[in-house]
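Chemist: Just the structure for this:
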Amino acid sequence: RAGSDIAFLGGLIHHALARKLYHADYVRLHTNASFLIQEDFDFSEGYFSGWDPQKKIYDKSSWQYELDSDGYAKVDPTLEHPRSVFQLMRKHYERYAPEQIATICGCPAEDFTRAAEIICSTGKADRCGTILYALGWTQHSHSVQLIHTAAMLQLLLGNIGIPGGGVNA
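Modeler: Have a look, this model is predicted:
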């Protein structure tokens, strides 16, 4: 369904996370997934902490990494800490279950799941996948969010910076 691209990509992220189809070593080594976020960060009802409904802007001060005594971001290489970027991402994308995606995108949940299995099968060291997009995404009013979400999926799958991988226009 037109306009449902971000939901579809969010469903793919949920699928990869829920079924552990992400490239764990790549995620640990090449992303900020292991970084811990400050304790006062939160999100609920679709909003991240710091939302001002009157001004319709965010105060992003709670979105910072928790720092150690040397000023470096604290990390959890196991990706299990509840305030790790990885766990916060998992929590955020829980709502993108196949049934929800089917409702938004206008396809049967089984068809979405079949597509997700194929796309997320590239989350292994010996596989790769690319996302190709054209002017539809770059000219869309939410183009930054579309391409950002595609990049997050590709990073989870380990498809950035390898031959045949990436997000390409």
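Chemist: Where do the strands of the chain begin and end?
Modeler: 43-44, 47-48, 51-52, 57-58, 130-132, 166-168 (DSSP state E).
Chemist: Among those strands, which comes closest to Tyr72?
Modeler: Proximity to Tyr72 (C-beta to C-beta) singles out strand 47-48 among those, at 23.5 Å. Bear in mind the C-beta positions are built from the backbone N, C-alpha and C, glycine included.
Chemist: what would the strands of the chain look like in a markdown table with distance to Thr78?
Modeler: As requested, the strands of the chain are exported to a markdown table (distance: least, C-beta to C-beta, whole Å):
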| stretch | distance to Thr78 |
| --- | --- |
| strand 43-44 | 22 |
| strand 47-48 | 24 |
| strand 51-52 | 30 |
| strand 57-58 | 29 |
| strand 130-132 | 28 |
| strand 166-168 | 28 |
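Chemist: Switch these over to CSV; also include distance to Leu79, mean neighbour count and mean pLDDT.
Modeler: Listed next are the strands of the chain as CSV, based on distance: least, C-beta to C-beta, whole Å; neighbours: other C-beta atoms under 10 Å; pLDDT from 0 to 100:
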stretch, distance to Leu79, mean neighbour count, mean pLDDT
strand 43-44, 19, 10, 82
strand 47-48, 20, 13, 90
strand 51-52, 27, 12, 93
strand 57-58, 26, 12, 95
strand 130-132, 23, 15, 95
strand 166-168, 23, 16, 94
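Chemist: Relative to Ser141, which of those is closest?
Modeler: In terms of C-beta to C-beta, the element of these nearest to Ser141 is strand 57-58, at 17.9 Å.
Chemist: Out of the helices and strands in this protein, which is least certain?
Modeler: Every helix and strand of the chain was ranked by mean pLDDT, DSSP states H and E. The lowest is strand 43-44, at a mean of 82.
Chemist: Who are the packing partners of it?
Modeler: helix 85-93 (3 or more C-beta pairs under 8 Å, 6 or more residues apart in numbering; DSSP states H and E).
Chemist: ok, Ala97 - contacts?
Modeler: Gly11, His14 (C-beta atoms under 8 Å, 6 or more residues apart in numbering).
Chemist: so what's the residue nearest the centre of the chain closest to, chain neighbours aside?
Modeler: Note on the chain: the residue nearest the mean C-alpha position is Met152, at 4.4 Å, using C-alpha atoms, centre = their mean. Distances taken as C-beta to C-beta, 6 or more residues apart in numbering place Ile13 nearest to Met152, at 6.3 Å, with adjacent residues excluded.
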